[in-house]
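J.: Dropping a prediction and its sequence here:
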Amino acid sequence: MLYRHAVEFLSSLQLFGAQLGLDRARRLAELAGNPQRELRFIHVAGTNGKGSTCAMLEAIYRASGRRVGLYTSPHLVSFRERIQINRELIAETDVAWLAEEAQRWLKEFTKENHPTFFEVVTTLALRYFAEQRCDVVIWETGLGGRLDATNIVTPLASVITNVQFDHEKWLGDTLEKIAAEKAGIIKPRVPVITAAAPEALSVIRKTAGRLHAPLHVVSPKPSNLAVGLRGEHQKINAALAIKTVEVLQAALPVKMPAVDEALRSIQWPGRFQIHQRGAQTFVLDGAHNPAGAGALAETLRTAFPNQPLTLVLGVLEDKNWEAVCRTLASTAVRVVLTRVNSVRSANPEMLAPACRAGNPLAQVSVAPSLRDALVLCSTDSLMVITGSLYLIGEAMELLGLASAAQEGALNEWTSVARP
């Protein structure tokens, strides 16, 4: 099988939508030889900051000389971003042979109980990390936690970054309900590290207590941590990573100089990523929910005080786009609304009233595509592209920050069914 055939095969799995539950994931892992039993994991859940925290943990353990697997989603440009070892993307040839393996496993399932794209990819990652003999795997949840396919592992530690409103349709309409889903990754006697606020923390604390899991709470207080990623919220993510390393010192010893160096030099695409092109400055940030939008707005005001900026915004219709629009429009003198390259994209015309409500003084317009938006704003000095990680991936391709992989469609999912 060639890589392009593997991508076609993975794309075909989207037919089965997204379904929450662990039975199919466990059966797939069994058919793959239960590779998770050969690996050590740090399992990371949370509404915002999962990717950044995972990147920090990966960087720290890699700096300490370990072979570190990293599993994240969604990808920005290439599917291969989802599965990395020591920040090297999985090779196309490895994706191809793993896809062939998966086709064999899938013969054991009926059409009515067919595994989903995410369940298959999660199993491929397990198989690959075991094959490559990783010392530790930084393991990011996909959706929620309790019923997410990643939750078939027993980790060294469970990390819950925070609990905010997102994916309410599937995870619940209160912070307590969402927290219960995130807390579903907690395992008996496995330490838990979190920076969750009190309303969600009470749920996490109760779950940890019931399972006799030691709980470590990181206070989101200002700090002088030197972190390569901008924003006060990244310092909280860094504090989480540091506390996790401290908790796991007996199992995974790390010297503090490795921690300091890793955090200072950390890079993670699409998180307040700054790109200079001629006289234009671009900021790429995947703020896709109200809490993320708030963090981005605060960081913009700190990083570019009193500088007029243009906001290029595209969001998915299943998000709380009204709150995102109001918050982000308040930072800009000009707002250009566009479509995300996704079947789930919100109509940009629909976003305009919320942006005007958030900032009546801003000039608000619509561009049919991101490419058109970039042309429209070609003389603007400071541009912020945000609203969806899918839009960030497209921006990276258009700005020449990544090779055009044309694999963004593999991020699509249109339904979630609960067991």
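T.: Received it, and whenever you're ready, just let me know what you need.
J.: any idea how far stretch 81-99 is from the chain center?
T.: The chain centroid and the centroid of stretch 81-99 are separated by 18 Å, computed with CA atoms, centre = their mean, to the nearest Å.
J.: what does that stretch rub up against?
T.: 1-3, 5-7, 9-10, 58-59, 62, 67-75, 78-80, 121, 124-125, 127-129, 132, 134 (CB atoms under 8 Å, 6 or more residues apart in numbering). Heads up, the C-betas are built off the backbone N, CA and C, glycines and all.
J.: now with 6 Å?
T.: For stretch 81-99, the surrounding residues in contact (CB atoms under 6 Å, 6 or more residues apart in numbering) are 1, 3, 6, 9, 62, 68-70, 73, 75, 80, 124-125, 128, 132.
J.: With stretch 404-415 instead?
T.: 14, 17, 18, 74, 77, 78, 79, 341, 393, 397.
J.: can you pick the most crowded of those?
T.: Within the contacts of stretch 404-415, neighbour counts (other CB atoms under 10 Å) peak at residue 393, which reaches 28 neighbours.
J.: Am I right that it falls within a helix?
T.: Yes: using DSSP: H, G, I helix; E, B strand; the rest coil, the assignment for residue 393 is a helix.
J.: Could I get the contacting residues of it?
T.: Contacts of residue 393 (CB under 6 Å, 6+ apart): 76, 77, 408.
J.: quick check, nearest of these to residue 225?
T.: If you rank these by distance to residue 225 using CB to CB, residue 76 comes first, at 25.6 Å.
J.: By pLDDT, rank the contacts of residue 393 and give me the bottom one.
T.: Looking at those by pLDDT, the weakest one is residue 408, with 87.
J.: so how far is residue 392 from it?
T.: Between residue 408 and residue 392 the distance is 10 Å, computed by CB to CB, to the nearest Å.
J.: What about the residue lying closest to residue 393 once chain neighbours are set aside, how many residues nearby?
T.: Excluding the flanking residues, the one nearest residue 393 by CB to CB, 6 or more residues apart in numbering is residue 76, at 3.7 Å. By the criterion of other CB under 10 Å, residue 76 has 25 neighbours.
J.: can you check residue 108 too?
T.: 11.
J.: Residue 42 belongs to a strand?
T.: Yes: judged by three-state DSSP, residue 42 forms part of a strand.
J.: Domain-wise, how is the protein divided?
T.: Structural domains assigned to the chain are 3-265, 273-401, following automatic domain parsing.
J.: More neighbours: which of residue 408 and residue 392?
T.: A count of neighbours by other CB under 10 Å puts residue 392 above the other of residue 408 and residue 392, at 26 against 23.
J.: So the more buried one versus residue 255, what's the distance?
T.: Taking CB to CB, one finds residue 392 at 34 Å from residue 255.
J.: again with residue 393
T.: 36 Å.
J.: residues making contact with stretch 320-338?
T.: With CB under 6 Å, 6+ apart, stretch 320-338 has contacts from 290, 293-294, 297, 300, 308-315, 346, 348, 351, 354-355, 357-359, 362-367, 370, 373.
J.: In helices, which of those residues fall?
T.: 290, 293-294, 297, 300, 348, 351, 354-355, 357-358, 370, 373 (DSSP state H).
J.: ok, and the most crowded of those residues?
T.: Going by other CB under 10 Å, residue 293 tops these with 29 neighbours.
J.: hang on, that residue packs against residue 287?
T.: Yes: between residue 293 and residue 287 there is a contact at 4.6 Å, judged by CB atoms under 6 Å.
J.: how much space between the residue nearest the centre of the chain and residue 58?
T.: For the chain, the residue whose C-alpha lies nearest the mean C-alpha position (CA atoms, centre = their mean) is residue 51; its distance is 4.4 Å. Separation of residue 51 from residue 58 (CB to CB) stands at 10 Å.
J.: about what we covered before: rebuild the ones in helices among the contacts of stretch 320-338 as TSV, extending it with distance to residue 245.
T.: Below are the ones in helices among the contacts of stretch 320-338 laid out as TSV (distance: CB to CB, whole Å):
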residue	distance to residue 245
290	30
293	30
294	28
297	30
300	30
348	43
351	41
354	41
355	41
357	44
358	39
370	38
373	41
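J.: Now do the strands for the stretch 151-300 of the chain: every range, in order, please.
T.: Counting by DSSP state E, counting those that start in this stretch, the segments of the stretch 151-300 of the chain that form strands are 157-160, 192-194, 215-217, 273-277, 280-285.
J.: all helices of the stretch 151-300 of the chain, in order?
T.: 168-171, 175-182, 198-210, 232-247, 256-265, 290-303 (DSSP state H, counting those that start in this stretch).
J.: what helices or strands is the third one leaning on?
T.: Under the contact definition 3 or more CB pairs under 6 Å, 6 or more residues apart in numbering; DSSP states H and E, helix 198-210 sits against helix 175-182.
J.: who's in contact with the helix it packs on?
T.: Contacts of helix 175-182 (CB under 6 Å, 6+ apart): 45, 144, 145, 146, 160, 163, 171, 172, 199, 200, 203.
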